[in-house]
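> Sharing a model prediction with you, sequence too.
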Amino acid sequence: MSNLTTVSPFDKPVRCAWCGDDPLYQAYHDTEWGKPEYDGKRLFALLCLESMQAGLSWITILRRREAYYRAFADFEPQIIATFDDEKVAELLQDASIIRHRGKIEAIINNAKAYLAISACEDFGEYLWRVVRTAQGRAPVDNCPPSEKDVPAQTPASAALAKQLKKDGIKFVGATTCYAFMQACGMVNDHVAHCDFRHSS
C-alpha cells in the first residue's frame, strides 16, 4: 500500500504549487492526489467527477464533491442508470452541483456504460490496462522536476480516452483522462521536491 512521506510538524511542507493556499485543495493534494486507486466503483466516481470539470477548475468540483455524491446516489451505477427525465429535471434545479444538462446526462449515460463494461471485466482492471506492464498494475512515476514539465495529456491518456469513448463513456477527452490518471495514481506527477510524493 502507498504511504505518504512523513513531514515534520515543525517544517512548512513543500507541496506541488497547483494546490496553492486553499486548505481543502492542500488536503486533497496531501492525502488523495496520486495515490493508486484500484476499486472499480471508486474509479467510476472519480472519472465522473473529473468529467464534470470540463471548462472549469478542479477546485470548483472538489468543493461540490459531497453534493455530487448526495445527488448521484453515492455514485452507485445501478441506481444512476435508472435516472429518468424527471430525475434530470430535479437535478437541474439542484444549486449544489453544476447545473449543466449535458454533464448530468453524461453521468447517467456513463453509469449504463460502466454496467456494460463491468459485465465483461472488472472496471478497475479495464482502466488500469493503460499503464499495465509485465510486472502488473504499476503507477508510472514521472518525478517531474517542476510543474512546467507536467504534460496536459499523453499518448496513454489519448488511448484511454479513445477506448472509453468507444465503449460509450462521454465527456472524456485526452486532457480529462490525464487528469484522471494523475488523480487515481496511474501516474505520479508530484514534482520531485514535493514532500508528499507517494512511494510505490
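Arrived safely.

> Would you mind finding the longest helix in this structure?
Taking DSSP state H as the criterion, the chain has its longest helix at helix 101-118.

> what sits up against that one?
With C-beta atoms under 8 Å, 6 or more residues apart in numbering as the test, helix 101-118 has contacts from 40, 44, 47-48, 51-52, 54, 72, 77-78, 80-81, 83, 88, 91-92, 97, 123, 126, 167-171. (Each C-beta comes from the backbone N, C-alpha and C, glycine too.)

> now the strands: where do they sit in the chain?
3-4, 132-133, 136-137, 140-141, 187-188, 198-199 (DSSP state E).

> looking at those, which has the lowest confidence?
The weakest mean pLDDT among these belongs to strand 3-4, with a mean of 46.

> number of nearby residues for Arg64?
Number of residues near Arg64 (other C-beta atoms under 10 Å) recorded here: 19.

> can you check Ala95 too?
When neighbours are defined as other C-beta under 10 Å, Ala95 has 8 of them.

> Enumerate every residue touching it.
Per C-beta under 8 Å, 6+ apart, neighbours of Ala95: none.

> again, but for Ile61
Going by C-beta under 8 Å, 6+ apart, Ile61 touches Leu49, Glu50, Met52, Gln53, Tyr68, Ile98.

> rerun that using 6 Å as the cut-off
Neighbouring residues of Ile61 by C-beta atoms under 6 Å, 6 or more residues apart in numbering: Leu49, Met52, Gln53.

> Closest to Ala183 out of these?
Closest to Ala183 out of the contacts of Ile61 is Leu49 (8.7 Å), distances taken as C-beta to C-beta.
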